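Trainee: fold the following.
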Amino acid sequence: MSKQFSALGVSTPILKALSELNIVEPTEIQQKTIPLLLSESHDVVGLAKTGTGKTAAFGLPLLQLINTESPIVQAVILVPTRELGQQIFKNLESFGKHIPNISIASTCGGIPIKPQIERLTQPTHIVVATPGRLIDLIQRKAVDLKQAEYLVLDEADEMVSILKESLDEIITELPKKHRTLLFSATLPGTIKQLIQNYLNKNVVQVSANMETVGNQGIDHEYIVVDPIEKLDVLMHFLNSRDGERGIIFCKTKAAVNKLAKNLAINRFSSGALHGSLSQGIRDRIMEQFREGHINILVATDLAARGIDVKEISYVVNYHLPDTYENYVHRSGRTARAGAKGLSLTVLQEEETIEIPEFEKELGIKFTKFQKPSAVSLEENNMLLWAKQIFKTKPNHDLSADLKTNVKTVFHHLTKDELVEKLMANYVLQNKVEVTEKPVKKFKK
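Mentor: Take a look at the predicted model:
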């Protein structure tokens, strides 16, 4: 098990933590990166996707290279979002739990700065930060990076515009002789320029295959719908996965808000996550999701970075992602820690031509899922209507006389008769075709 990590040069305290975490085998990016960071002094560019284990690829060597006898900051890890920062912070703490006196601090934006300033008065070896918050701390002289030996730029392609503005100010605080480790899902021109400007000319580049670890556990499926029925098809799917946890991805904040509102109307246990929400709201929604108080998260791509919840059984791409990398990021939220998961993409007919390209680029196979019949969708809508009634709170402002009069109308009906009449009324009001057949379920 951990013998393979041992062969890469990983130390005994870290091997013990990996064994306890059931991390059984180094991924490709870990195999290529860990020995390089431990034995060489070059700057490194790592091309790796979500799910390929890149946090451990740079995190394990960093933890091992830290001199815990010295109380100074020796490594800085820059990340695009607080959520990703928190995930990396927690991972590093788990990996380093058996290293005596190791000290890691998370100093990301969106939350009060004073507790972070207080935290940095204590001995700190590794700082995980968003660029803006780190600059704020530097300007307040709350953090000293004068002896930091390592700078990690994680998810660099997601924060390239921020880095353009802030990297000069941060690097000025570092010693001239420091090592930069840049990790990115892609290598666009803007990142190449960043590498040329800030990394040593002898930089070493390593890359892992596009396929993510655990892809074997993800079923990739797509369903073709007409625009007018898209929401009904999604509601049918969600009803079939009642009680399970999942994430629905949309392209824009407006689309997230609109879909979240529809889910709320239909009494689904859900929450919305996008960049325009305050950090406090985002934290509260994420905590509710992690604790299982809500089952469905509707999110944009960037807002969902750093979500590492093991029990996510499905991901829905309500809008086709713009890039192959975003598909990898999205689908990688499910099938964590060896579990199985479903990544379902909702497409319009003209978008199906994209599927072969995704398959070729990502090395995966999509299965077409048959759309539910019109009758099945109508039956599902009636079920949702019934749930709305069931979950509606009584209106105590209505007069007692009115309540008595209405009850008198239904006085002689049994419960079954009342339900039958309500269903018949629903059919008349909505002019729908329903049958006695049970609702067809999506396969699990």
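
Trainee: just checking, residue 28 touches residue 208?
Mentor: Yes. Counting by Cβ atoms under 8 Å, residue 208 is a contact partner of residue 28 at 4.3 Å. Yep, even glycine has a C-beta here, placed from its N, CA and C like the rest.

Trainee: shared neighbours of the two, which are they?
Mentor: Residues within reach of residue 28 and of residue 208 at once, by Cβ atoms under 8 Å, 6 or more residues apart in numbering, are residue 52.

Trainee: more neighbours: those two, which one.
Mentor: Legend: neighbour count by other Cβ atoms under 10 Å for residue 28 and residue 208, higher for residue 208 (22 against 17).

Trainee: how far away is the more buried one from residue 15?
Mentor: Using Cβ to Cβ, to the nearest Å, residue 208 is found at 22 Å from residue 15.

Trainee: can you check residue 196 too?
Mentor: Counting by Cβ to Cβ, the gap from residue 196 to residue 15 is 37 Å.

Trainee: try residue 366
Mentor: Taken as Cβ to Cβ, the spacing of residue 366 relative to residue 15 amounts to 38 Å.

Trainee: might you list the low-confidence residue ranges for the protein?
Mentor: Within the chain, the stretches with pLDDT under 70 are 1-3, 49-51, 209-216, 303-306, 308, 336-339, 432-444.

Trainee: strands along that one, start to end?
Mentor: Remark: strands assigned in the chain by DSSP state E are 44-47, 75-78, 104-107, 126-129, 150-153, 179-184, 204-207, 218-224, 245-249, 270-273, 296-299, 312-317, 341-347, 366-368.

Trainee: output those strands as CSV; include the columns mean neighbour count and distance to residue 22.
Mentor: Formatted as CSV, the strands of the chain follow (neighbours: other Cβ atoms under 10 Å; distance: least, Cβ to Cβ, whole Å):
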stretch, mean neighbour count, distance to residue 22
strand 44-47, 23, 24
strand 75-78, 25, 24
strand 104-107, 23, 22
strand 126-129, 26, 24
strand 150-153, 24, 25
strand 179-184, 24, 24
strand 204-207, 16, 25
strand 218-224, 20, 19
strand 245-249, 24, 21
strand 270-273, 23, 28
strand 296-299, 26, 25
strand 312-317, 22, 18
strand 341-347, 23, 18
strand 366-368, 13, 29
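
Trainee: okay if I get those as CSV plus distance to residue 402?
Mentor: Shown next, in CSV, are the strands of the chain (distance: least, Cβ to Cβ, whole Å):
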stretch, distance to residue 402
strand 44-47, 68
strand 75-78, 63
strand 104-107, 56
strand 126-129, 60
strand 150-153, 66
strand 179-184, 65
strand 204-207, 70
strand 218-224, 46
strand 245-249, 40
strand 270-273, 34
strand 296-299, 37
strand 312-317, 43
strand 341-347, 44
strand 366-368, 53
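
Trainee: of all those, which one comes closest to residue 6?
Mentor: Closest approach to residue 6 among the strands of the chain (Cβ to Cβ): strand 204-207, 20.3 Å.

Trainee: with just CA atoms, put that closest one into CSV.
Mentor: Output in CSV follows, covering the C-alpha atoms of strand 204-207 (Å, rounded to 0.1, in the frame of the first residue of the first chain):
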residue,chain,number,x,y,z
VAL,A,204,10.6,21.3,-15.5
GLN,A,205,7.1,20.5,-16.9
VAL,A,206,5.2,17.4,-15.9
SER,A,207,1.7,16.3,-16.8
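
Trainee: give me the sheet partners of it and which way each runs.
Mentor: Its sheet considered, strand 204-207 pairs with strand 44-47 (parallel) by DSSP bridges.

Trainee: export the strand it pairs with to CSV, keeping only CA atoms.
Mentor: Backbone C-alpha positions of strand 44-47 (Å, rounded to 0.1, in the frame of the first residue of the first chain) are rendered in CSV as follows:
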residue,chain,number,x,y,z
VAL,A,44,8.0,22.9,-11.7
VAL,A,45,4.9,23.3,-13.9
GLY,A,46,2.3,20.6,-13.4
LEU,A,47,-0.6,20.0,-15.8
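
Trainee: how deep is residue 89 tucked in, by neighbour count?
Mentor: When neighbours are counted by other Cβ under 10 Å, residue 89 registers 22.

Trainee: what about the nearest residue to residue 307 once chain neighbours are set aside, distance to residue 376?
Mentor: Using Cβ to Cβ, 6 or more residues apart in numbering and skipping residues adjacent in sequence, the residue nearest residue 307 is residue 333, 5.7 Å away. Separation of residue 333 from residue 376 (Cβ to Cβ): 28 Å.

Trainee: compare these two (neighbour count), which wins?
Mentor: Shown here are residue 333 and residue 376; by other Cβ under 10 Å, residue 333 has more neighbours (25 against 20).

Trainee: would you confirm that that one contacts residue 247?
Mentor: Yes. Counting by Cβ under 8 Å, residue 247 is a contact partner of residue 333 at 5.4 Å.

Trainee: isn't residue 37 right up against residue 65?
Mentor: Yes. Using Cβ under 8 Å, residue 37 is in contact with residue 65, at 7.5 Å.

Trainee: more neighbours: the two, which one.
Mentor: Set residue 37 next to residue 65 and count neighbours by other Cβ under 10 Å: residue 37 wins out with 24 against 15.

Trainee: quick one, helices of the stretch 101-250 of the chain?
Mentor: 114-119, 131-139, 160-173, 189-198, 230-240 (DSSP state H, counting those that start in this stretch).

Trainee: quick one: those as JSON lines, columns for mean neighbour count and distance to residue 399 too.
Mentor: JSON lines is the format used below for these (neighbours: other Cβ under 10 Å; distance: least, Cβ to Cβ, whole Å):
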{"stretch": "helix 114-119", "mean neighbour count": "14", "distance to residue 399": "53"}
{"stretch": "helix 131-139", "mean neighbour count": "18", "distance to residue 399": "56"}
{"stretch": "helix 160-173", "mean neighbour count": "15", "distance to residue 399": "59"}
{"stretch": "helix 189-198", "mean neighbour count": "15", "distance to residue 399": "66"}
{"stretch": "helix 230-240", "mean neighbour count": "20", "distance to residue 399": "35"}
